[in-house]
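# Got a predicted structure plus its sequence, pasted below:
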Amino acid sequence: MIEIRDLEKIYQMGEETVAALAGVSLTIERGEHIAITGASGSGKSTLMNVLGGLDRPTRGTYHFDGEDVGGFNDDDLADFRNRRIGFVFQSFQLLPRLSALQNVELPMVYAGLPPVERRARAAALLERVGLGARTGHRPTQMSGGQQQRVAIARALANAPDLLLADEPTGALDSQTGQDVLALFRELNAEGLTLLVVTHDAKVADQARRRVVFSDGLIIQDEKGARS
Amino acid sequence: MRRADLVTFAARAIIAHPTRSALTSLGVVIGVAAVVMMTSIGLGAQQRVTSAIGGLGSNLLIVSPGASRGPGGGFVSQGAGSGMSLTEDDAKAIADQVDGAIAVAPAVRGGAQLTAEGANWQSRVEGVTPDYLVARDLTIASGRMFDEAESRQGRKVIVIGQTIATELFGENVDPVGKRIRVGAAPFEVIGVLTPKGQSGFGQDQDDIVLGPLRAVRSRVVGRRVQGTNVQTVYVKAGEADDLDRLQEDVTNLLRERHRIRQGAEDDFSVQNMASIMEAMQASVKTFTSLLAAVAAVSLVVGGVGIMNIMLVAVTERTREIGLRMAVGAKRNDVLFQFALEAMTLSVIGGIIGLIVGIGGGFLMARLGEWPVAIAGWSIPVSLGFSLLVGLVFGAYPSWRAARLDPIEALRRE
């Protein structure tokens, strides 16, 4: 599904140039569950941003289902993020003034879905992540684990091909973190392609494939059974 | 995305900060209210000028003795009757020799104490000929006007205005046939004028006594006007288009009669009511534009207020903007959301400002006895301008929001 070749991302920091990605090649098949680990600054977040269409590579190619994402303009990228990618962030990134339901609706609003349809779908998704009774609550009235579930429901709103999660359990206690990971496993089992960026070994161990980054390069890529 | 959703986003953002939104709109409220009120003052002034001059009679030339002091200005500042160079013969000559003059009315005036049946009243007394009614667009409500013969003979008869009838004889009493002492001389009331109300200059036009020219000159005005002199000659043209030509003919005739050498100044002045009205309306218009311009400045200041708050909002909501972009908002979606927010604030301010402005206009009319004149065009124009203000001053903050890098924006605390 995803094929990247010799991907480079170079930042200009004053006089110096920093290569966040220094020539990365990676192929991801539909239905995979991948963990990307590495020290901070190793380029794993940059890779996620490029894969998610938030950032453009300096060099190299990125094909998604055969489409050249590297050649997309801003609007194409916005559409790409809207329809094919779901983001889950460490800090949830829910809009505090909107209810859980409205937060989940947001990607569908930008997809142009009519209100009745998207409300029904948002309610179903909240039900799916176990928050069926809390659709009207605001993020501030919810626990961290609940907020992250709302964020996952939002990420699933437009039935994306790829779910990108950046330290999804980083702001949660271990029990709720486990619940979120369990939800991820279920979603993966249903066929969703999942890519988790983390430096938590326990999170990485949940994945069937682990890719380790260091200084903008992949130093290890192992496929194995869940431990 | 759907347009209705864009409206919802903008409305939600405005409702989320009611106080801030109200204060932001306030600048536009004040601006639009000021523009509406200022133009209404100007329009009121214009109507007042029109009715003031129109009240003197339409298609009218006013000939006075003494040199004019320039167009318009002479009308206000001239000491009428100063030169005493105008006579009844001049008036007769105008009537006989100038084409197109449908009424020529020589007049003298003075103030006098009126007494009747124990009541007394200070008023203006005009000595005129019957043509005066035609010249000044007056009509008789009851009784009759004195005729040429009575005028020539200087008979002691008068026609009075409604105010005097009421003041001296009370309401609903027909004063025709009653006697009034004008100063020391007794006069018989033979008619009452149709009420005209207040003039544009705030003068009661019904507080007037008309008597035959000679009788008033000798009995009321006294030594100030000698011989057959008159203080004013009113000349009415049949057609408004004729007025300029008539003015020239009257001037030429009087110069000839007064034997004024070529190049020398006139010893009389002919004021053309139409050109005075034009000149005054032009100056009122200038004055109105000036007021409106000053008011427009406050509208611009209101716009700057909107820009300021929108910039703050963009900074505050950087993370929200980043998140919206991450879940699929295009740059234009963000741009339109903020632009719509700015325009909505501005237009709401405009609508409230319009209501305040119209209310203020009516209040001023009530307090200042000023005609209410809300220009119809001021409604669409002020709403249009507030929309424009929102668009112009919302453009830069919206552009800044749309230009944000989603990765940077999401990282912002």
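That came in fine, so what should we check first?

# In contact with the residue in chain B that chain A sits nearest to, which residues?
Proximity of chain B to chain A (C-beta to the nearest C-beta) peaks at B:Gly328, 2.4 Å away. Any C-beta I mention is one placed from the backbone N, CA and C, and that applies to glycine too. Shown in contact with B:Gly328 (C-beta atoms under 8 Å, 6 or more residues apart in numbering or on different chains): A:78-79, A:81-83, A:107, A:110-111, A:158.

# Who does A:Leu7 form a beta bridge with?
Beta bridges link A:Leu7 to A:Val24, judged by DSSP bridges.

# In this structure it contacts A:Pro57, no?
Yes: between A:Leu7 and A:Pro57 a contact is recorded at 5.0 Å, counting by C-beta atoms under 8 Å.

# joint contacts of those two?
When C-beta under 8 Å, 6+ apart defines a contact, the residues bordering A:Leu7 and A:Pro57 alike are A:21, A:50.

# roughly how far apart are the nearest residue to the residue of chain B closest to chain A once chain neighbours are set aside and A:Leu113?
Beyond its immediate neighbours in the sequence, the residue positioned closest to B:Gly328 (C-beta to C-beta, 6 or more residues apart in numbering or on different chains) is A:Asn82, lying 2.4 Å away. A:Asn82 sits 11 Å away from A:Leu113, taking C-beta to C-beta, to the nearest Å as the criterion.

# Looking at those two, which is more packed in?
Neighbours were tallied for A:Asn82 and for A:Leu113 using other C-beta atoms under 10 Å in any protein chain shown; the higher tally belongs to A:Asn82 (26 against 21).

# host element of that one?
For A:Asn82, the element it lies in under DSSP states H and E is helix A:74-84.

# Quick check: longest helix in chain A by residues?
Among the elements of chain A assigned as helix by DSSP state H, the one spanning the most residues is helix A:174-189.

# Quickly check: the helix or strand that comes right after that helix near chain B or not.
Past helix A:174-189, heading to the C-terminal end, the next element that is a helix or strand (DSSP H and E) is strand A:193-197. No: on the criterion C-beta under 8 Å from any C-beta of the partner chain, strand A:193-197 is out of touch with chain B, staying 13.6 Å away.

# what's the angle between strand A:193-197 and helix A:174-189?
The directions of strand A:193-197 and helix A:174-189 differ by 150 degrees, with axes from the mean of the first three to the mean of the last three C-alpha atoms, to 10 degrees as the criterion.

# buried set for strand A:193-197?
Buried residues in strand A:193-197, defined by neighbour count with 16 or more other C-beta atoms under 10 Å in any protein chain shown: A:193-197.

# Can you lay out those as CSV showing pLDDT?
As requested, the buried residues of strand A:193-197 are arranged in CSV below (pLDDT from 0 to 100):
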residue, pLDDT
A:Thr193, 96
A:Leu194, 95
A:Leu195, 96
A:Val196, 95
A:Val197, 94
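
# for the residues you listed, which one is nearest A:Ser174?
Using C-beta to C-beta, A:Val196 comes nearest to A:Ser174 of the buried residues of strand A:193-197, at 16.2 Å.

# what's the closest one in contact with, if anything?
A:Val196 is in contact with A:33-36, A:165, A:168, A:184, A:203-204, A:206-207, counting by C-beta under 8 Å, 6+ apart.

# Which among those residues count as buried?
Those of these that meet the buried threshold are A:33-36, A:165, A:168, A:184, A:203-204, A:206-207, by 16+ other C-beta under 10 Å.

# Dump those into CSV; add pLDDT as well.
Written out in CSV, the entries for the buried ones among the contacts of A:Val196 read as follows (pLDDT from 0 to 100):
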residue, pLDDT
A:His33, 94
A:Ile34, 95
A:Ala35, 94
A:Ile36, 94
A:Ala165, 95
A:Pro168, 92
A:Phe184, 93
A:Val203, 90
A:Ala204, 90
A:Gln206, 88
A:Ala207, 91
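
# hmm, back to that, I'd guess the residue of chain B closest to chain A is in a helix, am I close?
No: B:Gly328 sits outside any helix when classified using DSSP: H, G, I helix; E, B strand; the rest coil, being coil.

# Quick one: low-confidence residue ranges for chain A.
Counting by pLDDT under 70, the ranges of chain A that qualify are A:225-227.

# most centrally placed residue in it?
With distances taken as C-alpha atoms, centre = their mean, A:Leu164 lies nearest the centre of chain A, 1.4 Å away.

# In terms of helices and strands, where is that residue?
In this structure, A:Leu164 sits in strand A:162-166 according to DSSP H and E.

# What sits closest to residue 191 if chain neighbours are left out?
Answering for chain A, as no chain was given. Using C-beta to C-beta, 6+ apart, the closest residue to A:Gly191 is A:Gly31 (5.6 Å).

# Can you look at chain B instead?
Among residues not flanking B:Gly191 along the chain, B:Gly143 sits closest, at 3.4 Å (C-beta to C-beta, 6+ apart).

# Who are the contact partners of the one you found?
The neighbours of B:Gly143, taking C-beta under 8 Å, 6+ apart as the test, are B:159, B:176, B:189-192.

# which parts of the stretch 201-350 of chain B sit against chain A?
Residues of the stretch 201-350 of chain B that fall close to chain A, judged by C-beta under 8 Å from any C-beta: B:319-320, B:322-333.

# can you give me the helices for the chain?
Unless you meant another one, I'm taking chain A. In chain A, the segments counted as helices under DSSP H are A:44-51, A:74-84, A:100-111, A:115-128, A:144-155, A:174-189, A:201-205.

# Switch to chain B, please.
Per DSSP H, chain B has helices spanning B:3-16, B:18-54, B:73-77, B:88-97, B:131-135, B:148-153, B:162-169, B:213-216, B:243-257, B:273-316, B:318-326, B:331-368, B:378-403, B:406-411. These are given in chain order.

# coming back round to it: minimum distance to B:Arg255: which of the helices of chain A has it?
Checking those against B:Arg255 by C-beta to C-beta gives helix A:74-84 as the closest, at 82.0 Å.

# What is that closest one packed up against?
With contacts taken as 3 or more C-beta pairs under 8 Å, 6 or more residues apart in numbering or on different chains; DSSP states H and E, helix A:74-84 sits against helix A:100-111, helix B:318-326, helix B:331-368.

# what's next to that helix, contact-wise?
Helix A:74-84 is contacted from outside by A:52-54, A:56, A:64, A:69, A:72, A:87, A:107, A:110-111, A:158, A:160-162, B:325-333, using C-beta under 8 Å, 6+ apart.

# Around chain B, pick out the residues from chain A.
Chain A comes close to chain B at residues A:49, A:52, A:54-55, A:74-75, A:78-79, A:81-83, A:87, A:89, A:93, A:95, A:97, A:106-107, A:109-112, A:114-115, A:154, A:157-158, as judged by C-beta under 8 Å from any C-beta.

# just the buried members of those?
Members of the residues of chain A next to chain B classed as buried by 16+ other C-beta under 10 Å are A:49, A:52, A:54-55, A:78-79, A:81-82, A:87, A:89, A:93, A:95, A:97, A:106-107, A:109-111, A:154, A:157-158.
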